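A.B. asks: Quick one, structure for this:
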Amino acid sequence: MATSEGSESLDSMDEEITQVPRTRRSKVWEHYEPDLIVVDGDLKAVCRYCGAELQTKFGTSSLRSHIADSCRSIEDVCRKRFLSTMKSKREAFFVFDPKVCRELMVKFCIHAEIPFLKFEDPYLQPWIDSMQPAFQMIGWNEIIHGAIDKIRELLKHVDSSPARLQDFNTIATRMGLSTKNGIYLDVPNRWNSTWKLLVEALKYKSVLDSYASQKLEISPSEQEWKKAEAICEFLKAFEELTLTVSAHRKPTAHKFLPVVLCIRHALKDPGWQTHDVLKELVVVMQTKLDKYWDPEEKENEEPNRRKKSKEIELNVALVVATFLDPRRKEDYLYFFYSKVSTNEELVSKQVDIALEWVRKYVKEYELLAATSTAFSTPPSQGNTTIGSPIAGKRKLEEEFAQYKSRLRSHVHKSEFDTYLDESCEEDTLDFDVLGWWKKNAVKFPILSSMARDFLAIPLSTVAFESAFSCGGRILGDTRSSLTPEMLQTLVCAKDWLFIPKGYEGQGH
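C.D. replies: You can find the predicted model right below:
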């Protein structure tokens, strides 16, 4: 009997617990079930929209936060109506959450299509600090350098002692990779050396991860490795272009326009932008390229500022050099301007301007030819003796070429027009542009002289820097009594004795 009475009293107590013990004055209770439930001995409120169970032990702040921010099932109209009733009171219990703030900002940037470059503006962080000092912006530059810095520091740790390098090589051997005598470390402000570092690091990615785990060092995450791989692949194209323009033993002037097209293609082609980091990197690079040269610059909206010309402005000498490439000629000028301009009328205009410049230079060289012997037919090369049948045959061929040239002049067809009328040479990897002009010097004496001058223009200062470096190596502390003439002789002789790759063992 006592047991029965105890049970009845316990049941009645449970009923009393599930009832709200006091009058609910807060508007938030309108969004929860009228009865509380007991979970593990605690009273909890149940959301009417999503069924979430929330603690009520410490008041209604968690209930309000749920309806205002967290509930995903509540309609926007109901949420806005609730927020309007609590705006004046919300500041008292508001707790700033950097993670939530950053997620909402990302959603805003994606929906509004705002370039992440805007977050690099120097006035943005001070403005945010005035509202919430605890929130720090993270720009794309920090993201990129964060991944690369981890790789760089890990490689520095490997290279800091022979014992660590030995441990690295042991792991590499176990994984079937070749051992290293030393680790390549980059110069942080030289992007091409950073590219080489990334190439080496990605090759030994699994070794570096295992090494970091073994030595309890910080290693890049899988996401950071993917960022590094994307950056490495992107920079590879620019490394190849850099080697092209910095070659100092081959002509480079005629390669300028193709290099420009390659850079524009790499920056504008979506196929290259395989990662969000690359998209933002491209934005910065494109901005710098446009600042240097933008053929389609929009009209300036500020009326008081002088508007820049919309015409494509290039160094005339480099355009002429491209024209003097027998594989390209006039056709490539049309191709180039059609790629960098959307106005077809502008394309024809720019090509006409370029050809007019070539004609002006041809006239100048013709005037020089009339008063100089520099344009005379070059002597035939070879080891044949005077009076041999081979020498006589070559002499007759040269005379016949001159005879044909005189015939062409009689029908008023200039050397310039003849060069244009002939079809372009086939573009092969081993094509020698200087060799072609040397071979056709008799046929095109004026243009060949122009080619010698224009194709000699270097696209970079590598040749000059190399010359100064060479002089420093020859004239040093232990060799300081050389006369200027002797120093010049040694530098020139060293350059002339250079044997191109692939020609070793052949006589010159």
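
A.B. asks: same question for the top strand by length along the chain, mean pLDDT?
C.D. replies: The strand spanning the most residues in the chain, taking DSSP state E as the definition, is strand 42-46. For strand 42-46, mean pLDDT rounds to 88.

A.B. asks: was I right about Pro445 contacting Leu368?
C.D. replies: No. Judged on C-beta atoms under 8 Å, Pro445 makes no contact with Leu368 at a distance of 11.4 Å. (Each C-beta comes from the backbone N, C-alpha and C, glycine too.)

A.B. asks: Compare neighbour counts for these two and give me the winner.
C.D. replies: Pro445 (21 against 13; other C-beta atoms under 10 Å).

A.B. asks: Need the pLDDT of that one.
C.D. replies: 90.

A.B. asks: Could you do Pro115 as well?
C.D. replies: On the pLDDT scale, Pro115 gets 67.

A.B. asks: Asp167 now?
C.D. replies: Per the predicted model, pLDDT is 91 at Asp167.

A.B. asks: Strands along the protein, start to end?
C.D. replies: 37-39, 42-46, 53-55.

A.B. asks: Show me the one of those strands that comes nearest Lys215.
C.D. replies: Lys215 lies closest, by C-beta to C-beta, to one member of these: strand 53-55, at 44.7 Å.

A.B. asks: Now tell me what touches the closest one from outside.
C.D. replies: Ile37, Val39, Asp42, Lys44, Ala45, Val46, Cys47, Ser62, Leu63, His66 (C-beta atoms under 8 Å, 6 or more residues apart in numbering).

A.B. asks: Any of these buried? List them.
C.D. replies: The neighbour count (16 or more other C-beta atoms under 10 Å) marks Lys44, Ala45, Val46, Cys47, Ser62, Leu63, His66 as buried among these.

A.B. asks: Could I get the contacting residues of Phe416?
C.D. replies: Here Phe416 is in contact with Val358, Arg359, Val362, Leu447 (C-beta under 8 Å, 6+ apart).

A.B. asks: export those to CSV and tack on distance to Leu346?
C.D. replies: Listed next are these as CSV, based on distance: C-beta to C-beta, whole Å:
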residue, distance to Leu346
Val358, 19
Arg359, 20
Val362, 25
Leu447, 27
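
A.B. asks: Check those residues and tell me the two furthest apart.
C.D. replies: Checking those with C-beta to C-beta, the most distant pair is Arg359 and Leu447, at 11.4 Å.

A.B. asks: Looking at those two, which one has more neighbours?
C.D. replies: A count of neighbours by other C-beta under 10 Å puts Leu447 above the other of Arg359 and Leu447, at 24 against 12.

A.B. asks: Break down the stretch 401-508 of the chain into its helices, ranges please.
C.D. replies: 415-421, 433-439, 445-454, 462-474, 484-496 (DSSP state H, counting those that start in this stretch).

A.B. asks: could you redo those helices as CSV and give each row distance to Trp195?
C.D. replies: Shown next, in CSV, are the helices of the stretch 401-508 of the chain (distance: least, C-beta to C-beta, whole Å):
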stretch, distance to Trp195
helix 415-421, 40
helix 433-439, 29
helix 445-454, 32
helix 462-474, 17
helix 484-496, 29
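
A.B. asks: Just name the most buried of these.
C.D. replies: helix 445-454 (a mean of 21; mean count of other C-beta atoms under 10 Å).

A.B. asks: chain center to the longest helix along the chain, what's the gap?
C.D. replies: Identified as the longest helix of the chain according to DSSP state H is helix 344-371. Counting by C-alpha atoms, centre = their mean, to the nearest Å, helix 344-371 is centred 35 Å from the centre of its parent chain.

A.B. asks: Kindly report the same for stretch 37-52.
C.D. replies: Per C-alpha atoms, centre = their mean, the centroid offset for stretch 37-52 relative to its chain is 54 Å.

A.B. asks: likewise stretch 329-344?
C.D. replies: Counting by C-alpha atoms, centre = their mean, stretch 329-344 comes out at 24 Å from the chain centroid.

A.B. asks: Cys71 is nearest to which of the helices of the stretch 401-508 of the chain?
C.D. replies: Going by C-beta to C-beta, the one of the helices of the stretch 401-508 of the chain nearest Cys71 is helix 462-474, 64.1 Å.

A.B. asks: model confidence over the closest one, on average?
C.D. replies: Helix 462-474 comes out at a mean pLDDT of 68.

A.B. asks: Just checking, which helix or strand of the chain averages the lowest pLDDT?
C.D. replies: helix 2-18 (a mean of 43; mean pLDDT, DSSP states H and E).

A.B. asks: Quick check: of the buried ones among the contacts of strand 53-55, which lies closest to Cys109?
C.D. replies: His66 (26.5 Å).

A.B. asks: Excluding sequence neighbours, find me the nearest residue to the closest one.
C.D. replies: Residue nearest to His66 in three dimensions, not counting chain neighbours: Leu54, with 5.8 Å by C-beta to C-beta, 6 or more residues apart in numbering.

A.B. asks: Please determine how far that neighbour is located from His31.
C.D. replies: Distance, Leu54 to His31, by C-beta to C-beta, to the nearest Å: 11 Å.

A.B. asks: Now for those two: what residues contact both?
C.D. replies: Cys47, Leu63.

A.B. asks: out of the two, which sits in the busier spot?
C.D. replies: Applying other C-beta under 10 Å to Leu54 and His31 shows that His31 carries more neighbours, namely 19 against 16.
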